[in-house]
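Visitor: sequence and predicted structure are below.
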Amino acid sequence: MFIDIKKYNKIVFFTGAGMSAESGVPTYRGSGGIWHKYNWEEFACQNAFEKTPSKVLDFHERRRKSVSECQPHSGYKSISDLQKLHDSVTVVTQNIDGMHQRASTNNVIELHGSLWRLRCDDCGIAIEDIGESFANKKCKCGKYLRPDIVWFGDMLNPQVIQQASEVIQKCDLFISIGTSGVVWPAAGFPLEAKNNGAHCIEMNTERTELSYLFDEVIEGKASEVGKHMSF
């Protein structure tokens, strides 16, 4: 099946863990996910950070090292190439690994934050920090910086959700790749796109609970998305 990209004016790619997994990025809840090996209550919640910030930051440095050893696959490159040829292509991702950006993709909305940013909740600042190790673990105010990602128990940033929703409401082609789409509020995005008249395509290695919502379903790998696009 070919998607004739030239027919569409505003395109949104909605990506999840299945997009990253093919590059070797460890998943979280799935088979072999890191939360089967580690207790999130020790490493991935605000309470743990407040109790033992150094332990939590050391854990996330190990995660950064693991992710930095992975490389964006051809599916990421296909999306990046499309952006160079099309006026309006936006990526909305549930992933925190920065793989889209490493493939030179712009206009990326990160619903769950980024492993490559730190923030100080006291000062209200966010700092880009790219590297296996953190450049600084403390803010100028003296407080520990925390990874700018959504942990267990955290609320998603309402401004980011609103930004994603506005883009999705305006798109006329919505392509979901590598996500089951069952976690809210992201679970509502396919329906939001469909209700606003977008042509909706799901690409996954298997059908999901939301497959019935999509106009077309492609069972395949995320790395093969370029094979299905004509542009």
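Guide: Nice, I can see it.
Visitor: what does the average pLDDT come to for the longest strand that the chain contains?
Guide: Secondary structure assigned by DSSP state E gives strand 113-120 as the longest strand of the chain. Strand 113-120 comes out with an average pLDDT of 97.
Visitor: same deal with stretch 130-144?
Guide: For stretch 130-144, the per-residue pLDDT averages 93.
Visitor: quick one on the thing from earlier: the longest strand of the chain: what's the following helix or strand?
Guide: Sequence-wise, the next helix or strand beyond strand 113-120 is strand 125-128, with elements assigned using DSSP states H and E.
Visitor: now G98: how far from C70?
Guide: 10 Å (Cβ to Cβ, to the nearest Å). C-beta here means a position set from N, CA and C on the backbone, and glycine is covered the same way.
Visitor: so between those two, which is more surrounded?
Guide: G98 (22 against 17; other Cβ atoms under 10 Å).
Visitor: got a list of what that one touches?
Guide: G98 sits next to V67, S114, L115, W116 when contact means Cβ atoms under 8 Å, 6 or more residues apart in numbering.
Visitor: closest one of the residues you listed to S176?
Guide: For those, the residue nearest S176 by Cβ to Cβ is S114; the value is 20.7 Å.
Visitor: wait, doesn't that closest one sit right on N157?
Guide: No - contact criterion Cβ atoms under 8 Å: S114 and N157 do not qualify, at 11.6 Å.
Visitor: just say helix, strand or coil for the residue nearest to the spatial centre of the chain.
Guide: In the chain, the centroid-proximal residue (Cα atoms, centre = their mean) is N95; its distance is 2.4 Å. Three-state assignment for N95 (DSSP: H, G, I helix; E, B strand; the rest coil): coil.
Visitor: which secondary structure element is home to the closest residue to it other than its chain neighbours?
Guide: Leaving aside its chain neighbours, N95 sits nearest to S20 (5.0 Å; criterion: Cβ to Cβ, 6 or more residues apart in numbering). Here S20 sits within helix 17-21, counting by DSSP H and E.
Visitor: list the buried residues for stretch 102-113?
Guide: R102, A103, T105, V108, I109, E110, L111, H112, G113 (16 or more other Cβ atoms under 10 Å).
Visitor: can you give me the end-to-end distance of it?
Guide: 15 Å (Cα to Cα, to the nearest Å).
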